[in-house]
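1. Okay, predicted coordinates and the sequence, questions at the end:
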Amino acid sequence: MSLAIVWFRRDLRLADNPALHAACAAHERVLPVYIHAPQEERDWAPGAASRWWLHHALDALRTSLHGHHAELHLRQGDSERVLAALIKATGAGAVYWNRMYEPAAIERDTRIKQRLREQGVAAQSFNAALWREPWQVETRTGDPYRVFTPFWRNLRTLIDESGPLPVPQPLRGATAEGGATLESLELLPRIRWDAGLAGAWTPGERGAQEMLELFVDDAVNDYAEGRDIPSRHGTSRLSPHLHFGEISPRQIQAGLHRLLAGRSGKRPDLEPFLRELGWREFAHHLLYHFPATHTANFNPKFDGFPWAASDEALIERWQRGRTGIPLVDAGMRELWHTGWMHNRVRMVVASFLTKNLRQHWHHGARWFWDTLVDADLPANSLGWQWVAGCGADAAPYFRVFNPVSQSQKFDPKGEYLARWLPELAGAVPALRHEPWKDPSLLRRSGYPAPMVDLGESRAAALAAYGALKGR
Ligand SMILES: Cc1cc2nc3c(=O)[nH]c(=O)nc-3n(C[C@H](O)[C@H](O)[C@H](O)COP(=O)(O)OP(=O)(O)OC[C@H]3O[C@@H](n4cnc5c(N)ncnc54)[C@H](O)[C@@H]3O)c2cc1C
């Protein structure tokens with residue numbers, strides 16, 4: 001009887017899962033396996049918020065598999081050794097998986113594929129995460145893209161509009177001895193700080209579908225404008241679901257068409273939203289073709305940038321949302337509480353750290369890595385380098401976001417500020433943006449005075465940039 005191992009990794013879903021689908025089509029039985037091996041992601045093992053998500057996502061996958069009378073076999077340790085042991089124990093003749101694109105994962109997977117094939121075990125990998133593989137989108141001269149707009153123009157023509165794959169039927173699961181329990185992976189925090197995350201999210205394939213439906217109900221019609229308003233549910237909030245592979249871009253696209261077809265009224269233009277998914281593909285494209293993007297400046301000219309000396313006290317005030325700049329603090333507290341932050345606010349807090357405080361973008365990328373439920377190496381590296389000015393197709397360094405005018409423009413009534421800074425909620429909106437204008441408000445509320453002068457620190461950042469340009 002032919003048996004295949006399906007090695008689940010960052011593709012925690014049953015529907016539109018090409019590896020699972022192919023394995024079920026070619027074999028009588030499949031053994032669904034998840035191997036917890038954070039050490040194999042080297043310096044970028046999942047942070048605390050991601051581990052919380054992973055625990056619940058695995059739990060959800062286990063429940064979905066149960067619904068099909070199959071078991072999720074959990075293991076921890078070295079992936080290659082675990083797979084070898086399982087092949088020996090079960091007599092599996094093939095291993096199927098969906099690809100990952102981080103440099104450490106590519107190296108590991110290439111090695112494992114080669115070893116398995118040498119041992120006469122069929123090893124097959126698939127694309128479950130992207131519309132197109134990073135190597136399938138190239139310039140006319142066959143090079144990778146470095147600029148988003150032409151990348152997107154090309155990718156848009158390559159998107160395959162065929163529908164997603166169904167959950168394989170039948171899904172005949174096999175079992176193996178000696179698995180680990182989910183609890184033994186110790187993914188949940190020992191000190192339970194995760195109530196805010198639990199209140200905000202439902203990890204898993206079903207949670208992802210519900211989030212997509214909510215997006216269609218609440219936000220898709222007005223996405224082009226609403227996506228910039230942090231107080232609203234104006235975006236899809238699908239990023240952690242996408243990161244863990246609980247939903248694919250193909251499923252999102254097909255799901256939007258299906259859900260909108262059942263509704264009356266004018267059809268929204270989906271292009272602005274699809275373009276954001278295009279940024280996600282661009283991030284993968286960059287990290288694949290330029291595998292140092294998560295550590296090295298994409299623009300090497302920035303290697304000589306005069307960052308200020310690392311200052312832990314400054315960084316900690318930024319992390320805790322105690323900078324005295326309301327939009328920055330509101331964003332950092334939203335992140336701490338929910339594991340997510342609105343995109344516009346991410347840009348503002350990143351600009352404040354790298355420009356007003358002139359701290360290296362690595363400090364910010366690391367903090368996001370530990371606290372975001374959607375922490376994603378390609379997107380996080382792109383986001384930080386973009387704001388810091390050293391990335392591919394980056395915002396020019398001299399663009400320093402002004403957090404006061406940003407909150408006045410995108411949160412005019414100060415609703416977002418009031419939600420995350422309860423000590424300022426009683427103040428009139430104008431003062432929520434600039435509480436230092438009323439010293440008695442600072443005294444009464446305990447909200448800190450600004451840790452830097454925005455104008456002076458901006459000028460210092462521009463002077464530092466000027467020095468770099470002169471080199
Ligand atoms: C400093 C900084 C760090 C960031 N770190 C991450 C990260 O670790 N993980 C992450 O998924 N996104 C990151 N982003 C991008 C973006 O902020 C989030 O993807 C977005 O806020 C997620 O919310 P959403 O799902 O509601 O987005 P929507 O507006 O609904 O967009 C749909 C999807 O498109 C993708 N997307 C949207 N914008 C971007 C973008 N700029 N770059 C790449 N993909 C994008 C995401 O997968 C998102 O879920 C970062 C941005 C900045 C400025």
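-> Received the coordinates, thanks.
2. contacts and neighbour counts: CA atoms only from here.
-> OK.
3. and the lengthiest strand in the chain, C-alpha only, in CSV?
-> Identified as the longest strand of the chain according to DSSP state E is strand 29-36. Provided in CSV are the C-alpha atoms of strand 29-36 (Å, rounded to 0.1, in the frame of the first residue of the first chain):
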residue,chain,number,x,y,z
ARG,A,29,-2.6,7.0,2.5
VAL,A,30,-0.9,10.2,3.7
LEU,A,31,0.8,10.9,7.0
PRO,A,32,0.3,14.6,7.8
VAL,A,33,3.4,15.7,9.8
TYR,A,34,4.5,19.0,11.4
ILE,A,35,8.1,19.2,12.7
HIS,A,36,8.8,21.9,15.2
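4. Give me the packing partners of that strand, helices and strands only.
-> Packed against strand 29-36 by the contact rule (3 or more C-alpha pairs under 8 Å, 6 or more residues apart in numbering; DSSP states H and E) you find strand 3-8, strand 73-76.
5. At the contact with the ligand, which residues of the chain appear?
-> Within reach of the ligand by C-alpha under 6 Å from any ligand atom, the chain has these residues: 235-239, 242, 276-277, 279-280, 283, 342-343, 346-347, 350, 374-376, 379-380, 383-384.
6. for the stretch 51-200 of the chain, what spans make up the helices?
-> 79-90, 103-118, 148-158, 195-200 (DSSP state H, counting those that start in this stretch).
7. Of all these, which one comes closest to residue 460?
-> Nearest to residue 460 among the helices of the stretch 51-200 of the chain is helix 148-158 (29.8 Å), distances taken as C-alpha to C-alpha.
8. hmm, who's touching the helix or strand bottoming out on mean pLDDT in the chain?
-> Within the chain, no helix or strand scores below helix 454-470, which has a mean of 91 by mean pLDDT, DSSP states H and E. The contact list for helix 454-470 (C-alpha atoms under 8 Å, 6 or more residues apart in numbering) reads 301-302, 304-306, 355-358, 397-398, 400, 402.
9. Neighbour-wise, give me the winner out of these.
-> Within the contacts of helix 454-470, neighbour counts (other C-alpha atoms under 10 Å) peak at residue 355, which reaches 31 neighbours.
10. Am I right that it is in a helix?
-> Yes. The assignment for residue 355 (DSSP: H, G, I helix; E, B strand; the rest coil) places it in a helix.
11. Residue 400 is in contact with that one, correct?
-> Yes. The pair residue 355 and residue 400 passes the contact test of C-alpha atoms under 8 Å, sitting 6.7 Å apart.
12. dump the residue contacts of the residue nearest to residue 283 when sequence neighbours are not counted.
-> Ranked by C-alpha to C-alpha, 6 or more residues apart in numbering and with sequence neighbours excluded, the top spatial neighbour of residue 283 is residue 378, at 4.9 Å. Neighbouring residues of residue 378 by C-alpha under 8 Å, 6+ apart: 102, 280, 283-284, 286-287, 294.
13. could you redo the last one with a cut-off of 7 Å?
-> The neighbours of residue 378, taking C-alpha atoms under 7 Å, 6 or more residues apart in numbering as the test, are 283-284, 287.
14. what do you get for residue 10?
-> By C-alpha under 7 Å, 6+ apart, residue 10 lies in contact with 244-245.
15. let's see it at 10 Å
-> 34, 54, 97-100, 128-129, 241-246 (C-alpha atoms under 10 Å, 6 or more residues apart in numbering).
16. Kindly report the same for residue 36.
-> Applying C-alpha under 10 Å, 6+ apart to residue 36 gives the contacts 9, 74-79, 180, 182, 185, 187.
17. sorry, back to before: mind checking the SS state of the residue nearest to residue 283?
-> State at residue 378, reduced to three classes by three-state DSSP: helix.
18. repeat for residue 213
-> At residue 213 the chain is in helix, as set by three-state DSSP.
19. Which parts of the stretch 101-250 of the chain are strands?
-> Taking DSSP state E, counting those that start in this stretch, the strands of the stretch 101-250 of the chain run over residues 122-126.
20. So, low pLDDT: which residues of it?
-> Counting by pLDDT under 70, not a single residue of the stretch 101-250 of the chain qualifies.
21. Recalculate using a threshold of 90.
-> Confidence mapping of the stretch 101-250 of the chain against pLDDT under 90 gives the ranges 160-162, 192.
22. circling back to that earlier point, can you tell me which of the contacts of residue 378 has the most neighbours?
-> residue 284 (25 neighbours).
23. Name the nearest residue to it, sequence neighbours excluded.
-> Closest to residue 284 by C-alpha to C-alpha, 6+ apart is residue 378, at 5.3 Å.
24. One more: residue 256?
-> Residue 256 sits nearest to residue 216 (C-alpha to C-alpha, 6+ apart), 7.1 Å away.
25. Please apply the same query to residue 397.
-> residue 389 (4.4 Å).
26. now residue 133
-> residue 127 (7.0 Å).
27. and the one you found, what does it touch?
-> The contact partners of residue 127, by C-alpha under 10 Å, 6+ apart, come to 11, 17-19, 97-100, 133.
28. Quick check: strands, which of those are part of them?
-> Short answer: these in strands (DSSP E) are 97-98.
29. Select from the contacts of residue 127 the one having the most neighbours.
-> For these, the largest neighbour count, defined by other C-alpha under 10 Å, is 30 neighbours, found at residue 11.
30. any idea how far it lies from residue 137?
-> For residue 11, the distance to residue 137 equals 22 Å [C-alpha to C-alpha, to the nearest Å].
31. now residue 22
-> Note on residue 22: its distance to residue 137, by C-alpha to C-alpha, is 24 Å.
32. The two: which is more packed in?
-> Set residue 22 next to residue 137 and count neighbours by other C-alpha under 10 Å: residue 137 wins out with 20 against 17.
33. Let me see the contact set for the more buried one.
-> 143-145, 151-152, 154-155, 158, 281-282, 285.
34. is it true that residue 298 touches residue 383?
-> No. Contact between residue 298 and residue 383 fails when scored by C-alpha atoms under 10 Å: they sit 12.0 Å apart.
35. Residue 136 is in contact with residue 151, isn't it?
-> No. Using C-alpha under 10 Å, residue 136 is not in contact with residue 151, being 11.2 Å away.
36. what does the domain assignment say about this structure?
-> Here the domain parsing of the chain from automatic domain parsing is 3-128, 129-163+204-289, 300-470.
37. Redo these as TSV? Include distance to residue 173.
-> Output for the domains of the chain, formatted as TSV (distance: least, C-alpha to C-alpha, whole Å):
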stretch	distance to residue 173
domain 3-128	4
domain 129-163+204-289	19
domain 300-470	30
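38. Of these, which is nearest residue 175?
-> Nearest to residue 175, of all those, is domain 3-128, at 6.2 Å by C-alpha to C-alpha.
39. Below-threshold pLDDT in the stretch 301-450 of the chain: ranges please.
-> For the stretch 301-450 of the chain, the ranges with pLDDT under 90 are 392-398.
40. And the strands in it, which stretches?
-> Under DSSP E, counting those that start in this stretch, the stretch 301-450 of the chain gives no strands.
41. Tell me how many other residues crowd residue 67.
-> Residue 67 has 10 neighbouring residues, counting by other C-alpha under 10 Å.
42. got a list of what it touches?
-> With C-alpha under 10 Å, 6+ apart, residue 67 has these contacts: residue 61.
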